[in-house]
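**Q** here's a sequence, model it:
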Amino acid sequence: MVSPDDVEWEQKDSTVQYRKAKQFAVYLHKSDTLNLVNSKDQINITLQPSSFDIFTISPVHKLNEKAKFAPIGLENMFNSGGAIEFLDYGCKGSIPTVKIQVKGTGKFLAFSCKKPREIILNAKGVEFEWSSNGILRFEVPWTGGKLSNVLILMS
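**A** Residues are numbered from 1 along each chain as shown. This next block holds a predicted model:
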């Protein structure tokens, strides 16, 4: 069994605040599933001999009364969340925004309970996939090792 409560959030000053989060997005890499769970919920998993799965656990942030968001990172990386170098939640006027700096290339994965209005990647609009179960994906191209700047404008 695995739970967001198992994570040692206190190891870094920047993550201590996540201990108080009520809801988390949990991505299982091998099975390519994204689950929403409460902090004390447990996910049952059975592993076959000589197999594995990697869990990425990200706190869900409430942007406003309707919108919630949790970045997972680059799903093609073992440490998908390690691709996120910077994360900031804010507003552009009355529109909730998420600013992310990503290091690397691949498919970016996040939970978003609402379909974004627009995603701007390195100052250009980018196509994205969003499903009603909250899975948001878009491609991050290689930038020669530089960080990619992402601005997500929510509905």
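
**Q** test my guess that residue 114 contacts residue 64.
**A** No: Residue 114 is beyond contact range of residue 64, at 9.3 Å (criterion: Cβ atoms under 8 Å). Every residue, glycine included, has its C-beta placed from N, CA and C.

**Q** neighbour count winner among those two?
**A** residue 114 (17 against 13; other Cβ atoms under 10 Å).

**Q** pretty sure that one sits in a helix.
**A** No: applying DSSP: H, G, I helix; E, B strand; the rest coil, one finds residue 114 to be coil, outside a helix.

**Q** give me the distance between stretch 104-120 and the centre of its chain.
**A** 8 Å (Cα atoms, centre = their mean, to the nearest Å).

**Q** can you point out the buried residues in that stretch?
**A** If you call a residue buried by 16 or more other Cβ atoms under 10 Å, then stretch 104-120 has these buried ones: 104-106, 108-114, 116, 119.

**Q** check stretch 146-155 too.
**A** Neighbour-count burial for stretch 146-155 flags 148, 150-152, 154 (criterion: 16+ other Cβ under 10 Å).

**Q** list the residues that contact both of residue 114 and residue 64?
**A** Shared contacts of residue 114 and residue 64, defined by Cβ atoms under 8 Å, 6 or more residues apart in numbering, comprise residue 154.

**Q** the residue lying closest to residue 10 once chain neighbours are set aside: how many residues sit nearby?
**A** Here the nearest residue to residue 10 in space, its sequence neighbours aside, is residue 16; by Cβ to Cβ, 6 or more residues apart in numbering that works out to 5.4 Å. When neighbours are defined as other Cβ under 10 Å, residue 16 has 11 of them.

**Q** quick check, residue 16 in a helix?
**A** Yes: under three-state DSSP, residue 16 sits within a helix.

**Q** tell me the spacing between it and residue 7.
**A** Residue 16 sits 11 Å away from residue 7, going by Cβ to Cβ, to the nearest Å.

**Q** cool, and residue 105?
**A** Distance from residue 105 to residue 7, by Cβ to Cβ: 27 Å.

**Q** same check on residue 20?
**A** Note on residue 20: its distance to residue 7, by Cβ to Cβ, is 13 Å.

**Q** quickly list what's touching both of those two.
**A** Common neighbours of residue 20 and residue 7, using Cβ under 8 Å, 6+ apart, do not exist here.

**Q** so who does the residue most central in space within the chain touch?
**A** Centroid check for the chain by Cα atoms, centre = their mean gives residue 71 as the closest residue, at 1.5 Å. Going by Cβ under 8 Å, 6+ apart, residue 71 touches 58, 81, 84, 87, 98, 100, 108, 110.
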